[in-house]
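Peer 1: Structure for the following, please:
(chains A and B)
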Number of protein chains: 2
Amino acid sequence: MTDRRESSKLIADITMSLDGFITGPNAGVEHPLGEGGDRLHAWVYDLATFREKHGQSGGESNTDSEVLGEAFESVGATIMGKRMFDVGVEPWGDDPPFHMPVYVLTHETREPLPREGGTTFNFVGDLETSEDQARSAAGGKNVSVAGGANVIQQFIKAGSLDEIQIHIAPVLIGDGIRLFEDTGAEHIEFKTTRVIDSPEVTHIRLQLAK
Amino acid sequence: MTDRRESSKLIADITMSLDGFITGPNAGVEHPLGEGGDRLHAWVYDLATFREKHGQSGGESNTDSEVLGEAFESVGATIMGKRMFDVGVEPWGDDPPFHMPVYVLTHETREPLPREGGTTFNFVGDLETSEDQARSAAGGKNVSVAGGANVIQQFIKAGSLDEIQIHIAPVLIGDGIRLFEDTGAEHIEFKTTRVIDSPEVTHIRLQLAK
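Peer 2: Numbering: from 1, shown residues only, chains lettered A, B, ... in the order given. Next up is the predicted model:
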């Protein structure tokens, strides 16, 4: 038997522009990915695995689609920040594209919010509780920290993020929210464990040195 | 016969951290690469091609060394900003590691400064003049924009940079000078033309869409 912590990794999987942004400026209900954020995620919308996750058929089956499908498949529970939830909950609609338990970090006490298709939003007060509950719920699969940037940074600083896969899109966004900002970088080292590239995006998987 | 502009590209070739920095904080004569900047360039110091360029023998012959050697070989003239020159001129010493004509952007009028080993520093007043003179001097090879970041940004904004190769080092620097800052990003798109990776660094070559 392997230890639960070894078999279930805490990961993040996120698209970043060449200049380090994960959303454009003025992200909010109107522009969930910020202005220009669609340019960042242009590589993803036509992929078969993305369309399938969002209840659509067809789409391109290529390397990028495989990398994305692999990421979807590996995850059994998701953690996100309250701001990401607030911005996303409307556009995600009745059948959000998670199809798994989601743990939302908030200081509010709030009843779980079940949705269609297997997604239930659970509200938890701190990082450690979210990690413990998500690991238990993930059924041996990985737990994904979906964002935003500052939640990912908190898990990096806490030393609990095992792995991050960054999809580097060859665009400049210029303004918005950066993945890495004020991370107290001095003590953070990564090991690159896999790189897969296509003309549209470079997928770099990194392990956090602990 | 091919046109000179087609055969001789204006390129940049630079190491960037995962969080977008090309030097650490407080870059100056004491720390030419900024504090912590050595972590950014750790991948390079032991490579055979790097050592050769700096008049040393031995070192590692691997993929990274080949990528670096290819970059050195392809370049016939270099352009740099005045600040990079001021910080570097002392540490580079009597035989600077360029071995080619170097064009330094400055509003000062100043006589060329010849050094040993084929390096001559020439002082030019504007981007366009530096590009014209460097292309003429490059003997059909590429012209490299060595830095700093704001000089590379100026060539990108002017639409004259043909290609950039970014060596992404899997470290966070946290503070210092970013490669891409205030680039007026909306209209800048890249096409990824080659990716080569090793455990130490991911080399992404991008063509600027014009």
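Peer 1: Get me the contact residues on chain A for chain B.
Peer 2: Taking Cβ under 8 Å from any Cβ of the partner chain as the criterion, the neighbours of chain B within chain A are A:18-20, A:36, A:166, A:168, A:170-175, A:178-186, A:188-192, A:195, A:197-202, A:204, A:206. All C-beta atoms are positioned from the backbone trio N, CA, C, and that covers glycine.
Peer 1: Mind giving me the PyMOL command for buried ones among the residues you listed?
Peer 2: Buried members of the residues of chain A next to chain B, defined by 16 or more other Cβ atoms under 10 Å in any protein chain shown, are picked up in PyMOL with:
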select buried, chain A and resi 18+19+20+36+166+168+170+171+172+173+174+175+178+179+180+183+185+188+190+192+195+197+200+201+202+204+206
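Peer 1: does the residue nearest to the spatial centre of chain A sit in a helix, a strand or a coil?
Peer 2: Using Cα atoms, centre = their mean, the residue of chain A that lies closest to the mean C-alpha position is residue A:146, 2.7 Å off. With DSSP: H, G, I helix; E, B strand; the rest coil as the basis, residue A:146 sits in strand.
Peer 1: looking at it, it is touching residue A:77, isn't it?
Peer 2: No - using Cβ atoms under 8 Å as the test, residue A:146 is too far from residue A:77 to be in contact (10.5 Å).
Peer 1: joint contacts of the two?
Peer 2: Counting by Cβ atoms under 8 Å, 6 or more residues apart in numbering or on different chains, the common neighbours of residue A:146 and residue A:77 are residue A:102.
Peer 1: Point out where chain A drops to low pLDDT.
Peer 2: For chain A, residues meeting the criterion pLDDT under 70 lie at A:1-6, A:183-187.
Peer 1: residue ranges for the strands of chain A, please.
Peer 2: A:10-17, A:21-23, A:75-81, A:101-105, A:113-114, A:120-124, A:142-147, A:163-169, A:177-178, A:190-197, A:202-208 (DSSP state E).
Peer 1: Mind checking those for the one nearest to residue B:96?
Peer 2: Nearest to residue B:96, of all those, is strand A:190-197, at 31.7 Å by Cβ to Cβ.
Peer 1: What lies in contact with that closest one?
Peer 2: A:63, A:67, A:163-164, A:202-209, B:18, B:170-171, B:192, B:195, B:197-202, B:204.
Peer 1: In its sheet, which strands sit next to that strand, and in what direction?
Peer 2: In the sheet containing strand A:190-197, its partner strands are strand A:202-208 (antiparallel), by DSSP bridges.
Peer 1: Identify all contacting residues around the partner strand.
Peer 2: With Cβ under 8 Å, 6+ apart as the test, strand A:202-208 has contacts from A:64, A:67, A:156, A:159, A:161-168, A:170, A:188-197, B:18, B:168, B:170, B:192, B:195, B:197, B:202, B:204.
Peer 1: For the residue nearest to the centre of chain A, which residues are in contact?
Peer 2: Here residue A:146 is in contact with A:12, A:78, A:79, A:80, A:84, A:102 (criterion: Cβ under 8 Å, 6+ apart).
Peer 1: Looking at the residues you listed, spot the one nearest chain B.
Peer 2: Checking the contacts of residue A:146 against chain B by Cβ to the nearest Cβ gives residue A:12 as the nearest, at 12.6 Å.
Peer 1: in terms of contact, does that closest one touch residue A:144 like I think?
Peer 2: Yes - the criterion here is Cβ under 8 Å, and residue A:12 meets it with residue A:144 at 6.8 Å.
Peer 1: quick one: the helices in chain A?
Peer 2: Applying DSSP state H to chain A gives helices spanning A:4-7, A:37-40, A:48-53, A:63-74, A:82-92, A:127-137, A:149-157.
Peer 1: Check the offset of the fifth one from the chain's centre.
Peer 2: Taking Cα atoms, centre = their mean, to the nearest Å, one finds the center of helix A:82-92 at 13 Å from the center of the full chain.
Peer 1: Not including adjacent chain positions, what is the nearest residue to residue A:107?
Peer 2: Sequence neighbours aside, residue A:125 is the residue nearest to residue A:107 in space, at 6.0 Å (criterion: Cβ to Cβ, 6 or more residues apart in numbering or on different chains).
Peer 1: now swap in residue A:11 and tell me
Peer 2: Once flanking residues are discounted, residue A:11 sits nearest to residue A:163: 4.6 Å by Cβ to Cβ, 6+ apart.
Peer 1: list the contacts for that neighbour?
Peer 2: A:9, A:10, A:11, A:12, A:193, A:205, A:206, A:207, A:208.
Peer 1: Count the neighbours of residue A:87 for me.
Peer 2: Residue A:87 has 21 neighbours, counted by other Cβ atoms under 10 Å in any protein chain shown.
Peer 1: what's the distance between it and residue A:39?
Peer 2: Note on residue A:87: its distance to residue A:39, by Cβ to Cβ, to the nearest Å, is 18 Å.
Peer 1: do the same with residue A:88
Peer 2: From residue A:88 to residue A:39 the distance is 19 Å (Cβ to Cβ).
Peer 1: Could you do residue A:91 as well?
Peer 2: Counting by Cβ to Cβ, the gap from residue A:91 to residue A:39 is 18 Å.
Peer 1: next one: residue A:152
Peer 2: Distance from residue A:152 to residue A:39, counting by Cβ to Cβ: 21 Å.
Peer 1: For residue A:173, which residues are in contact?
Peer 2: Residues in contact with residue A:173 (Cβ under 8 Å, 6+ apart) are A:17, A:19, A:21, A:24, A:34, A:36, A:37, A:39, A:40, B:185.
Peer 1: out of those residues, which one sits closest to residue B:117?
Peer 2: Distance ranking of the contacts of residue A:173 against residue B:117, using Cβ to Cβ, places residue A:19 first at 35.7 Å.
Peer 1: that older thread, which one of the contacts of residue A:146 sits closest to residue A:136?
Peer 2: Looking across the contacts of residue A:146 and measuring by Cβ to Cβ, the closest to residue A:136 is residue A:79, at 12.6 Å.
Peer 1: And for that closest one, the neighbour number?
Peer 2: Residue A:79 has 28 neighbouring residues, counting by other Cβ under 10 Å.
Peer 1: tell me the contacts of it?
Peer 2: A:102, A:103, A:104, A:105, A:130, A:131, A:134, A:143, A:144, A:145, A:146, A:151.
Peer 1: So what sits opposite it in the bridge?
Peer 2: Residues in beta-bridge contact with residue A:79 (DSSP bridges): residue A:103, residue A:145.
Peer 1: Quickly note the distance from it to residue A:49.
Peer 2: Here residue A:79 is placed at a distance of 22 Å from residue A:49 (Cβ to Cβ).
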